[in-house]
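**Student:** need coordinates for the following:
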Amino acid sequence: MSGAGVVCITIPVLCTGGTEIQTLNLVRVLVGAGYDVTVCCFYESDIRMITAIEQAGARLELLEEKWSNGLWQLFKRLLKFFRQKQPCIVHVQYMAPGLIPVLAARAAGITTIFTTVHQPGRPYGLKALIFLRTAARLCTAFFCNSRAVEESWFGSSQVFDLERVGEKRKHFTIYNGVDVDRIERTVKNADKTSLKESLNIKDKKVVGVVGRLRKEKGHLILLESMKIIIKELPDTVLLVVGDGPDRGYLESMANGMGIDGCIKWLGQRDPDEVVELYSIMGVVAVPSLFEGFGLTAAEAMAAGLPVVGTRVDGLSEIIEHEVTGYLIPVGESHELARTVIQLLSNPKKSKEMGEKGRKRVQELFSMQHFTHSTISAYQYFSVKK
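**Tutor:** Modelled structure (predicted):
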């Protein structure tokens, strides 16, 4: 199959993280604009993401490769796939091994290749930088999900604007999109009383954290903060939404700290369930060690919640300090606790911050902005080619 409207999006894994959610948003945008979209996943996949992508109108190709088979085997599988499908555009979600699909697409004769990277470069070192810069030279255009991410890989940044695209620049920032209208509607319609009763937290103040349970998300720092928070506000509970390889370790640490009784480990939830849970939270914490964009922060703000996040990367672009929430230094559990206590103790201030946060997301990080930037970039670079 070939044609100007045929797009293949490649991604190593389809679990339920921020990159996968934004891949789903990209599918919705492209399908809505009339593109014929196939998503090619190399390795693991989650049935919930598979279902969501198919419901969005895309085809799905699951290669089900094993990591142990090596990169040469992956290259050959992708080369064969691209030659068979002959898409006009390949869009690579740049997660390791991101260079391989770029090389395979070039070898298959694909002339328009877009790439999006979702994480900052500073944690990954020189080798990763060389690979990414190589991929960028082989692509038609390279997109980053925040200016911090773009600057970390390329040394400069520019939000994509059709009127400011230069002849030589090939890398740009296109912020991730948040469906503000859907979030507002879901929060408004949520049965908050029943939801809190089902979790046995009817009269509790609620702190929320949403994300994969991995070291870089900073959950351990939040657990240390909870020791302080519950001494000051003993009627506080922490909702941990998400799953991951560190769950057992974190549960053990909470037990050792003696705070396991004030934590609800809710596991992985569907996106609509996550938004419903925002409706019963008073504050959302995002204590990440690094963060390319910070989808949780943006979603929580869209839900009308104040956010306490670390002063890193994309979070510093999303959260307006002392206006829509607070930015604190990485690893500062005492400062995190102090700030959360301040917000939980002042509902009026929390509400004001939440309202300003919703407005900020609507103005800067909405799906409308993401859609406009993405389709404009596709049309501009396709015509240019």
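**Student:** from the chain's centroid, how far away is stretch 212-229?
**Tutor:** 19 Å (CA atoms, centre = their mean, to the nearest Å).
**Student:** pLDDT on it, on average?
**Tutor:** For stretch 212-229, the mean pLDDT works out to 96.
**Student:** got it, and stretch 49-58?
**Tutor:** Rounded mean pLDDT across stretch 49-58 is 94.
**Student:** repeat that for stretch 322-338.
**Tutor:** Averaged across stretch 322-338, pLDDT comes to 97.
**Student:** do stretch 144-159 as well
**Tutor:** According to the model, stretch 144-159 has a mean pLDDT of 96.
**Student:** would you confirm that residue 279 contacts residue 190?
**Tutor:** Yes - contact status for residue 279 versus residue 190: in contact at 3.9 Å, counting by CB atoms under 8 Å. No exception for glycine: its C-beta is placed from N, CA and C like everyone else's.
**Student:** what about the closest residue to residue 259 other than its chain neighbours, how many neighbours?
**Tutor:** Leaving aside its chain neighbours, residue 259 sits nearest to residue 226 (5.2 Å; criterion: CB to CB, 6 or more residues apart in numbering). Residues near residue 226, counting by other CB atoms under 10 Å, number 24.
**Student:** which helix or strand contains residue 226?
**Tutor:** Assessed by DSSP states H and E, residue 226 sits inside helix 219-232.
**Student:** then residue 84?
**Tutor:** Secondary structure from DSSP H and E places residue 84 in helix 71-85.
**Student:** from the middle of its chain, how far away would that helix be?
**Tutor:** Mean C-alpha position of helix 71-85 versus that of the full chain (CA atoms, centre = their mean) differs by 27 Å.
**Student:** from the contact counts, what lies against the next helix or strand after the helix holding residue 226?
**Tutor:** Past helix 219-232, further along toward the C-terminus, the next helix or strand under DSSP H and E is strand 236-241. When contacts are defined as 3 or more CB pairs under 8 Å, 6 or more residues apart in numbering; DSSP states H and E, strand 236-241 sits against strand 205-210, helix 219-232, strand 263-267, helix 271-278.
**Student:** packing partners of the second one?
**Tutor:** In terms of contacts (3+ CB pairs under 8 Å, 6+ apart), helix 219-232 is packed against strand 205-210, strand 236-241, helix 247-257, helix 333-344.
**Student:** quick one: buried residues of that helix?
**Tutor:** For helix 219-232, the neighbour count (16 or more other CB atoms under 10 Å) marks 219-226, 228-230 as buried.
**Student:** what is the nearest of those residues to residue 379?
**Tutor:** Nearest to residue 379, judged by CB to CB, of the buried residues of helix 219-232 is residue 219 at 41.4 Å.
**Student:** residues contacting the closest residue to the closest one other than its chain neighbours?
**Tutor:** In this structure, residue 219 finds its nearest non-sequential neighbour in residue 250, 5.4 Å apart by CB to CB, 6+ apart. By CB atoms under 8 Å, 6 or more residues apart in numbering, residue 250 lies in contact with 213, 219-220, 223, 240.
**Student:** mind listing residues that contact the helix or strand hosting residue 184?
**Tutor:** Assigned by DSSP H and E, residue 184 belongs to helix 180-189. By CB under 8 Å, 6+ apart, the surrounding residues in contact with helix 180-189 are 272, 275-276, 278-279, 299, 302-304, 358, 361-362, 366-367.
**Student:** please tell me I have it right and the residue nearest to residue 259 contacts residue 240.
**Tutor:** No - applying CB under 8 Å as the test, residue 226 and residue 240 come out as separate, 10.2 Å apart.
**Student:** which residues do these two both contact?
**Tutor:** Overlap of the contact sets of residue 226 and residue 240 (by CB under 8 Å, 6+ apart) consists of residue 263.
**Student:** thinking again about what came up before, go through the helix holding residue 184 and flag the buried ones.
**Tutor:** 180, 183-184, 186-187.
**Student:** next SSE after it?
**Tutor:** Trace forward from helix 180-189 with DSSP H and E and the next one is helix 192-198.
**Student:** kindly provide the whole-number mean pLDDT of that following helix.
**Tutor:** For helix 192-198, mean pLDDT is 96.
**Student:** ditto for stretch 70-79
**Tutor:** According to the model, stretch 70-79 has a mean pLDDT of 97.
**Student:** strands of the stretch 1-150 of the chain, residue ranges please.
**Tutor:** If DSSP state E, counting those that start in this stretch is used as the criterion, the strands of the stretch 1-150 of the chain fall at 6-11, 36-41, 59-62, 89-94, 112-117, 141-144.
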